[in-house]
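A.B. asks: please work out how this folds:
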Amino acid sequence: MIEFKDVTYTYPDGVKAIDGISLRIPAGEKLAIIGNNGSGKTTLALLMNGIIKPSSGKISVMDLDPANEDESRILKRRVGLVFQNPDNQLVATTVEREVAFTLENQNVGHPEIRERVNETLDFFGLFHLRNRLTSDLSGGEKQKVALASVMIAHPEILIFDEPGSYLDESGKKLLNDAIGRLIEHKKDLTVIRITQYSYVTLVYDRIVVLYQGKIIDDGEPERIFSQADRCLKFGIDVPLKYRIKSNPAAQINSGEKVPHSTQKSIDKKYMYLNNVTFAYDEQDKPAIRDINLQISNGLIYGLVGPSGSGKSTLIQVLAGLLLPRDGDIKYSGFKPIPGRIAISFQHPERQFFLDTVEKEIRFGPENLGLSAIDEIADNSYKLIGLDKDIFAFRDPFTLSGGEKRRLAFGAILSMHPDFIFFDEPTCGLDYEGIGLFKKMALGLKESGKGIIIVSHHGNIIFEIADEIIALKEGRLDCQCSKGDFFRTMDYSTYLSQPEAVAYQIEKFGEVKYLSELELLRKTPHPDIH
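C.D. replies: Numbers count the residues shown, from 1 in each chain. The predicted structure follows:
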């Protein structure tokens, strides 16, 4: 049993993240917590695990007080917390040591540790990486290690904070299989899933909706999502089937307001990769091998593939941050001088090094010697949806995950690059933030920018990509149109199946429409069964 009684938490900078919450979670319940960025979801998880202490009110977890240091130490053995960003919890140098770390801290005997580590590594498909440095892993591989290191301890309460953000489809299946196996063997296991993605919550018993640190709804998924207007009012995404039933014309998630093509003439710019190979170490297997690729401005490319397939490496090579071991890159229609090619990294905080949001946004254009810096900065705030009056003098490292990602977008867009590469851009973004990103990306395309979006999120790729670039084990698997990719290819290990694709296959037996917008406009209101 977890119980909150009138709990409030205020961060040192004065931001009230939790505001008078009272909540009961019975043992064995499967609960999803949803809410927009800054609603208090992660703070609630940290309070449950005793990582932070409430400013006021009382918390009881399995009859223990997380605010009491002695009782909190006991709880940390019984409550497992998987963070959204795996780097926030990886502490050991190698994969094997990381997975064993929890059991070592619990004084488990070495023979049992060895047996459970081998079993866990095998289950998560990590055995071949057991001696790999955790710092050398891809984002998805790190998330698998973080999951394994928590689940090896067989906790009584499992809290997942956006655990699938950096996982490919095989990783997400492993996660769901692992949870299912634990539930099967431990009927009273309590599972709490924090997520931005409403479709993930449909398999849970109960949903708690947070907004500005308060609980604004609490109940079964069917009742909550049937109130589509109320959900959207509070920035909560609504699963496709409920949007179709409610009001297709009004509940379009993909962006009714996105720019429509003007077919205006733009100066064409190209990047060509000719037999490009890159390895992080001469002794290592190449991360990408023999890549031949043509990238043009005025298009959005979806770059997909399993974790470790070379996606992040490829965009860093394209941007000139990594130099090919073999092959070369050629440019046509522009010169790759500083500022012309930009990357928004998977972990946005790694891009920050200044003490205010305003300084981060202004740094690029000031160092490039651009004119009208004030105007550029003001436009950047508008593009990323951050209020300048509220955020300009905030410390970037105190922002929420979604706010950090928006700032990372603003910092690169302020340099007016010709090509922009986004690495998992929607991780940590809420419904409003994802909609803003779609609108921003389509607007950049219409203005003549070339865009690559690295993502495992099928909805994003399906909605706004023009072409798909798929990697597999470091090699180019295909470069094709969106229609060919979703209609003819087996992409089940590359990215999640878009809601609109799943709906069409179930209803029509085929993919008729290549955007959710078109589907919603042409689909009548069906009953939900």
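A.B. asks: in stretch 270-288, what's buried?
C.D. replies: Within stretch 270-288, the residues scored as buried using 16 or more other C-beta atoms under 10 Å are 271, 273, 276-279, 286-288. In this view, the C-beta of every residue, glycine as well, is placed from N, C-alpha and C.
A.B. asks: can you dump the C-alpha coordinates of that stretch into CSV?
C.D. replies: Extracted in CSV, the C-alpha atoms of stretch 270-288 (Å, rounded to 0.1, in the frame of the first residue of the first chain):
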residue,chain,number,x,y,z
TYR,A,270,22.5,18.3,-51.0
MET,A,271,24.7,16.1,-48.8
TYR,A,272,26.2,12.9,-50.3
LEU,A,273,27.7,10.0,-48.4
ASN,A,274,29.9,7.8,-50.5
ASN,A,275,30.8,4.4,-49.0
VAL,A,276,31.1,5.9,-45.6
THR,A,277,32.4,3.7,-42.7
PHE,A,278,33.0,4.8,-39.1
ALA,A,279,34.3,2.9,-36.1
TYR,A,280,34.9,4.4,-32.6
ASP,A,281,38.1,2.3,-32.3
GLU,A,282,40.3,0.7,-34.9
GLN,A,283,39.8,-2.6,-33.1
ASP,A,284,36.0,-2.3,-32.9
LYS,A,285,33.4,-3.4,-35.4
PRO,A,286,32.3,-0.4,-37.4
ALA,A,287,29.3,1.4,-36.0
ILE,A,288,28.2,2.2,-39.6
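A.B. asks: list the contacts of it.
C.D. replies: Contact with stretch 270-288 is made by 136, 289-297, 310, 313-314, 317-318, 322-333, 419, 450, 471, 474-475, as judged by C-beta atoms under 8 Å, 6 or more residues apart in numbering.
A.B. asks: so of those residues, which ones are in strands?
C.D. replies: Of the contacts of stretch 270-288, the ones assigned to strands by DSSP state E are 289-296, 326-332, 419, 450, 471, 475.
A.B. asks: quick check: ChimeraX command selecting the buried ones in the residues you listed.
C.D. replies: Provided next is the ChimeraX selection string for whichever of the ones in strands among the contacts of stretch 270-288 are buried by 16+ other C-beta under 10 Å:
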select :289,291,293,295,296,327,329,419,450,471
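A.B. asks: may I have the helix or strand encompassing residue 441 as CSV, with CA atoms only?
C.D. replies: Element membership for residue 441, per DSSP states H and E: helix 431-446. C-alpha atoms of helix 431-446 as CSV (Å, rounded to 0.1, in the frame of the first residue of the first chain):
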residue,chain,number,x,y,z
TYR,A,431,1.0,16.2,-25.9
GLU,A,432,1.4,20.0,-26.4
GLY,A,433,5.2,19.7,-26.9
ILE,A,434,4.9,16.9,-29.5
GLY,A,435,2.3,18.9,-31.4
LEU,A,436,4.6,22.0,-31.2
PHE,A,437,7.5,19.9,-32.5
LYS,A,438,5.5,18.6,-35.5
LYS,A,439,4.4,22.1,-36.4
MET,A,440,8.0,23.4,-36.0
ALA,A,441,9.5,20.6,-38.1
LEU,A,442,7.0,21.1,-40.9
GLY,A,443,7.5,24.9,-40.8
LEU,A,444,11.3,24.4,-41.1
LYS,A,445,10.8,22.1,-44.0
GLU,A,446,8.6,24.7,-45.8
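A.B. asks: buried sites along it?
C.D. replies: 431-442, 444-446.
A.B. asks: pLDDT on it, on average?
C.D. replies: The pLDDT scores in helix 431-446 average 90.
A.B. asks: just give me how far that helix sits from the chain centre.
C.D. replies: 16 Å (C-alpha atoms, centre = their mean, to the nearest Å).
A.B. asks: show me what that helix is packed up against.
C.D. replies: strand 300-304, helix 373-384, helix 401-413, strand 450-454, helix 458-464 (3 or more C-beta pairs under 8 Å, 6 or more residues apart in numbering; DSSP states H and E).
A.B. asks: and of these, who's closest to residue 215?
C.D. replies: helix 401-413 (19.8 Å; C-beta to C-beta).
A.B. asks: quick check: angle from the closest one to helix 431-446?
C.D. replies: If you take axes from the mean of the first three to the mean of the last three C-alpha atoms, to 10 degrees, helix 401-413 sits at 20 degrees to helix 431-446.
A.B. asks: what backbone torsions are found at the residue most central in space within the chain?
C.D. replies: In the chain, the residue lying closest to the centroid (C-alpha atoms, centre = their mean) is residue 427, at 2.0 Å. The phi/psi pair for residue 427 (degrees, to the nearest 10) reads phi -60, psi 130.
A.B. asks: need the pLDDT of it.
C.D. replies: Looking at residue 427, the pLDDT reads 80.
A.B. asks: please apply the same query to residue 110.
C.D. replies: 89.
A.B. asks: just the one 3 residues further on next, same as before
C.D. replies: In the prediction, the pLDDT value recorded for residue 113 is 92.
A.B. asks: how does the chain divide into domains?
C.D. replies: 27-49+74-246, 276-522 (automatic domain parsing).
A.B. asks: span of the last one from start to end?
C.D. replies: If I follow you right, that is domain 276-522. With C-alpha to C-alpha, to the nearest Å as the measure, the first residue of domain 276-522 is 44 Å from its last.
A.B. asks: show me where the stretch 201-350 of the chain has its helices.
C.D. replies: Under the criterion DSSP state H, counting those that start in this stretch, the stretch 201-350 of the chain contains helices at 221-226, 228-233, 240-246, 311-318.
A.B. asks: contacts for the first one next, please.
C.D. replies: Residues from elsewhere that reach helix 221-226 (C-beta under 8 Å, 6+ apart): 32, 198, 201-202, 204, 207, 209, 217, 231, 238-239, 242, 245-246.
A.B. asks: where among the helices and strands packed on helix 431-446 is the average confidence lowest?
C.D. replies: helix 401-413 (a mean of 89).
A.B. asks: and it, how far out from the chain middle?
C.D. replies: That offset, for helix 401-413, works out to 14 Å (C-alpha atoms, centre = their mean).
A.B. asks: mind listing what residue 152 touches?
C.D. replies: 99, 102-103, 116-117, 120.
A.B. asks: wait, residue 113
C.D. replies: Contacts of residue 113 by C-beta under 8 Å, 6+ apart are 100, 103-104.
A.B. asks: helix/strand/coil for it?
C.D. replies: Under the three-state scheme (DSSP: H, G, I helix; E, B strand; the rest coil), residue 113 adopts helix.
A.B. asks: could you check how far it is from residue 107?
C.D. replies: To residue 107, residue 113 is 10 Å away according to C-beta to C-beta, to the nearest Å.
A.B. asks: do the same with residue 469
C.D. replies: Residue 469 is 49 Å from residue 107, by C-beta to C-beta.
A.B. asks: appreciated, that's everything.
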